[in-house]
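>>> all I have is the shape, not the residue letters:
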C-alpha cells in the first residue's frame, strides 16, 4: 500500500465512522462542526498548504485524495473551500492562513458587489451563494480590479461583522447570503506575481467540485452494483438481467472516464498551475457522468433509492448541485471548444497529447 | 521531464516529422478508420524500416525492445493523422504479442522479424457465418494427419485476407466435451496454400476490406499451431485486452474531428459546446487508455477496463460524426472534394461497424457488469 492509498483508507474510515452523527448535525445546522474538529485535529483540513503558511504541506494529489473521500461519504464540511481555495489563495499570496473553517465568495458574486471608493474599491451590499458561510471563521473575497488588468483585489471578512441569511443548494449544503455592514468592506490589492486571481479561483473551484463529484460517483457505482447483486426479482438477482447489466456498464464507463481525466487534471496541475484546459475537461466529464449516475442509480435502485432513509439521495442531490456549481458542463464545453478551435491546426491533438497549447487565452 | 518523458517526446516529434514529409510527398491522404481501411503495403514497409512495427518485441526477434508507452505514442500519432496502417495492424497489435507469449522458438524466428519489417501481414480468422458474438461455437474443424492438421470450414468478416500472407485461424481440434471453451486451437494458415479460397466482400463504403475465407481440405503443418493444442481459447482471450483498449477504439473518426476543429468551418455557440464536450471525453478516454496500457505492461488484469475503453470510445467516434453533421449543414455530398465533406462521408459509411468489431458493445457491457460483480 502506498502513502496515498494509506491516506485514502485512513480518511475513509474516519468519515465512515462519523457519517451518521455528521449527518444528524448537518440536518440541524447545515454542516458538521464535530466532523470538522476531528479532521482538523488529524491535520487534514489544510492538506497541500505549505508549512510556511501554517498548513501541513503535502501535494495537490494528497488533497485530492482527501476531497474525493469527502465526496464518497457526502461529508458535510467545507474542506474544498478551506484547503483548495482559501488556503491556496492566501498561501500563494504570502498571507497567513487563519485557523478554522474558511470559505470563498464565488468570483461572479464578488465582482458584482464591488464599488469605487476614492482611489480604491469597497465591497458593498449583498454577496449571494456563499458556500458554508455560516460555518466559516473567515470569508475570503477575490475580485479583478476594474480597469487594471492583472490586478486582483481581496478582502478577508469576519462573518461576525455581517448578517448571514441562510440558504442551501439542492443537497441542503449551506449556500448563504452575506449582508455586509452599511459601511462596506475595504478591498486591498493582492501582491503581484502569483497565480491566485479570480479566473484561477473559478477554475480551482471547478476542480474542487469535480473531485467531490468523482468521490460521489464512485459511491453511487458501488451502491448500485451492490444493490443489483442483492435485490432479487423473478427468482434471481436483478444484476443477472442483461438490461440491468447494460445500464450498470454505462454507469461504470461514465465514472471511470471522469476519474481518469480528473486524475490527469490533478497530476497536470501539480506541475503546472496554469494548466486550465484539462481542469475544464474534468469538470465536463464529471458533469456528464453525474447525469448518467443519477439516472442509472435510481433506475436500478427502484423506489427505495428515492427515500431519505436510503443513502442514494445524498449523492443524487449533491451531484445535481455540484454539476452546476463553478460552471456547468455546457458552460465549460463552450469555453473549451473556443480554446481548441482557436488553437489552429494540430492544436487539439497537441493539447490531448500533452504539449502546451498555443492558445491566446492563456 | 523524466528520461521516459523525454524519450517519448522525441519520438513523437520524429513521427510527426515523418508524417508531415509523407503528407507533403502525397504518399497518403488522411482518412477515417485508417487502421481498417487504409491498406498500404508500401507505407507499412516504411514504418518497418523505421523500427515502428514490433516496437516492444525483443531485439533478437527483430523487434525494437522499446516500452509499451513508446509504441502507444507511435500508433496514436499514426491514427490521429489518418495514415494507412491496416496492412500490418493485426500482426503488430496481436499476432506478434501472441507468438511471444505462447509461440515456439521456431515460430518466433520465422514470423516476428518479417512482421516487424512490415513484410509479413496477418489476417485474423475468428468469426464464421454462424459464429459472431458466440465465438466458442466456431465449426471450422482441424483433424490430425501424419504431418499436422487438415482444416475444413469457413471464416468470414476477415479483413484483408486477400492482401495478407497468413491467416491466424481459431479452429476446433477436438469435440467440446462439456467445456465448450476446450478443444479450440489457433493455427497459422498460409493464404496461398492449396484449398484456401479468399473471396472479397464488398461493403457499403464501396471498398472491400472484408473477405470470406473458405478452407477446403487445407493441410497445415504441425509446427503452425500457436500455443498448445486445445488451448486456443485462452490465446484468443489474452489478445482481447490489447485489442479493445488501444487508441484505435476512439480515434477512428479523429481525422474528421481535427478537420472540423481547425478547418474552414465557422462555429456557432452550439458547435463550440459540442466540440468542447467531445474534446473533454476524448481526452478522458486517452487518459483511460494510457492507464490500461500501463496495467498491461505490469500484467495486471485489464479485461473490464479494456472493455470500457472500447464501449465508450466507439460510441464517441459515432458522436463525433453527429457533431460534425450538426456543425456543417447541409449534409455531406460525396461529390464535394473538400476534406471535411470527404471525411464525413467516409466516416458515416464506416460508423455502423465501430460498435460491432472486436466484440459488440452489448457483449462488452455484459462483461463489464459481471466484472464489477453485478
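Now that the structure is in, tell me what you want to look at. Because the structure is a prediction, the values reported are computed rather than measured.

>>> could you give the bridge partners of residue B:197?
Counting by DSSP bridges, residue B:197 is bridged to residue B:214.

>>> whoops, residue A:178 was the one
Per DSSP bridges, the residues bridged to residue A:178 are residue A:127, residue A:164.

>>> counting neighbours, what do you get for it?
28 (other C-beta atoms under 10 Å in any protein chain shown). C-beta coordinates here come from the backbone N, C-alpha and C atoms, glycine included.

>>> now swap in the one 5 residues further on and tell me
As a burial measure, residue A:183 scores 9 neighbours (other C-beta under 10 Å).

>>> now it: how far from chain B?
42 Å (C-beta to the nearest C-beta, to the nearest Å).

>>> list the contacts of residue A:143.
Residues counted as contacts of residue A:143 (C-beta atoms under 8 Å, 6 or more residues apart in numbering or on different chains) are A:107, A:110, A:111, A:114, A:121, A:123, A:152, A:153, A:154, A:187, A:198.

>>> helix, strand or coil for residue B:123?
With DSSP: H, G, I helix; E, B strand; the rest coil as the basis, residue B:123 sits in strand.

>>> and the strands in the chain?
No chain was given, so I picked chain A. Here chain A has its strands, by DSSP state E, at A:102-104, A:114-117, A:120-123, A:126-131, A:138-144, A:152-157, A:163-165, A:175-179, A:185-186, A:188-189, A:232-233, A:236-237.

>>> wait, chain B
B:122-125, B:141-144, B:148-159, B:166-172, B:184-190, B:196-201, B:210-221, B:225-226.

>>> show me what the third one is packed against.
The elements that strand B:148-159 packs onto, with contact taken as 3 or more C-beta pairs under 8 Å, 6 or more residues apart in numbering or on different chains; DSSP states H and E, are strand B:122-125, strand B:141-144, strand B:166-172, strand B:184-190, strand B:210-221.

>>> picking that back up, tabulate the strands of chain A (TSV), appending mean pLDDT and distance to residue A:328.
Below are these laid out as TSV (pLDDT from 0 to 100; distance: least, C-beta to C-beta, whole Å):
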stretch	mean pLDDT	distance to residue A:328
strand A:102-104	98	19
strand A:114-117	92	25
strand A:120-123	93	26
strand A:126-131	96	14
strand A:138-144	96	21
strand A:152-157	95	25
strand A:163-165	97	25
strand A:175-179	97	16
strand A:185-186	94	30
strand A:188-189	92	31
strand A:232-233	97	36
strand A:236-237	97	36
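
>>> and the lengthiest helix in chain A, how far from the chain's centre?
Counting by DSSP state H, the longest helix found in chain A is helix A:198-230. Helix A:198-230 sits 9 Å away from the centroid of its parent chain (C-alpha atoms, centre = their mean, to the nearest Å).

>>> neighbours of residue A:237, how many?
Residues lying near residue A:237 (other C-beta under 10 Å) number 16.

>>> now swap in residue B:201 and tell me
12.

>>> beta-bridge partners for it, please?
Bridge pairing for residue B:201 - DSSP bridges - gives residue B:210.

>>> quick one: pLDDT of it?
We have a pLDDT of 94 for residue B:201.

>>> just the buried positions in stretch A:84-100, please.
A:84-93, A:95, A:97-98 (16 or more other C-beta atoms under 10 Å in any protein chain shown).
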